[in-house]
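*Asks:* Just a sequence and a predicted model for now, questions to come.
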Amino acid sequence: MLKKQSIVLSMVLLVCFIANPAAALADQEFDEILTYDTVQPMWTYVNSFANAFDISGFGQAKVLCQVVAFDVDQITIRLNLQQFKDDKWSTIQSWSASSETISCELVKYWYVPKGYSYRVINTGVVYLNGRMAELVSYTSPVRVY
């Protein structure tokens, strides 16, 4: 009888602590918070606008911009990598991309010299019926290398 009670108690504990759907849901929600911004502006034509900027320990800057839109004709993206030198911001490298689908993404790498501050200014423009429908812009936090 004692052995039977031990087995039943073990099964109950197993179900309660290992197969806890609330804990699994909490982990999933936490992963989504880490992966996506929780607060974004509401746009009319742009569905999402994602940006990233970092500089590695050996001076490689990585710039990313992605625009996903609702039903539009064209999306263009422009990335501007800027350096703070002589008390002003100057664009040291620019890239652009265009897409005639609902998504446009651009990822670029560039080596930067040490001893300066850097930022990126990313701009996305969506077009509908041949006319600019919406413009979104992002200025990154400053990175020192």
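*Replies:* Received the coordinates, thanks.

*Asks:* Got phi/psi on the residue nearest the centre of the chain?
*Replies:* Nearest to the geometric centre of the chain sits residue 50, at 4.1 Å (C-alpha atoms, centre = their mean). The phi and psi values for residue 50, taken as degrees, to the nearest 10, are phi -110, psi 140.

*Asks:* Beta-bridge partners for the nearest residue to it once chain neighbours are set aside, please?
*Replies:* Nearest residue to residue 50, sequence neighbours excluded (C-beta to C-beta, 6 or more residues apart in numbering): residue 66, at 4.4 Å. Where you see a C-beta, it was placed from the backbone N, CA and C, and this is true even at glycine. Using DSSP bridges, the beta-bridge partners of residue 66 come out as residue 50, residue 105.

*Asks:* quick one, what contacts residue 66?
*Replies:* 48, 49, 50, 51, 103, 104, 105, 106 (C-beta atoms under 8 Å, 6 or more residues apart in numbering).

*Asks:* Restricted to buried residues, select these in PyMOL.
*Replies:* To isolate the buried members of the contacts of residue 66 in PyMOL, using 16 or more other C-beta atoms under 10 Å:
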select buried, resi 49+50+51+104+106
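
*Asks:* hey, where'd the strands end up in the protein?
*Replies:* 46-55, 60-69, 74-85, 88-99, 103-111, 117-128, 131-139, 143-144 (DSSP state E).

*Asks:* May I see those strands arranged in TSV, with mean pLDDT as well?
*Replies:* As requested, these are arranged in TSV below (pLDDT from 0 to 100):
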stretch	mean pLDDT
strand 46-55	94
strand 60-69	95
strand 74-85	97
strand 88-99	97
strand 103-111	96
strand 117-128	97
strand 131-139	95
strand 143-144	95
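
*Asks:* distance of the residue nearest to the centre of the chain from residue 78?
*Replies:* The gap separating residue 50 from residue 78 is 15 Å, by C-beta to C-beta, to the nearest Å.

*Asks:* before we move on, what about residue 92?
*Replies:* Counting by C-beta to C-beta - residue 92 and residue 78 are separated by 14 Å.

*Asks:* Many thanks, I have nothing further to ask.
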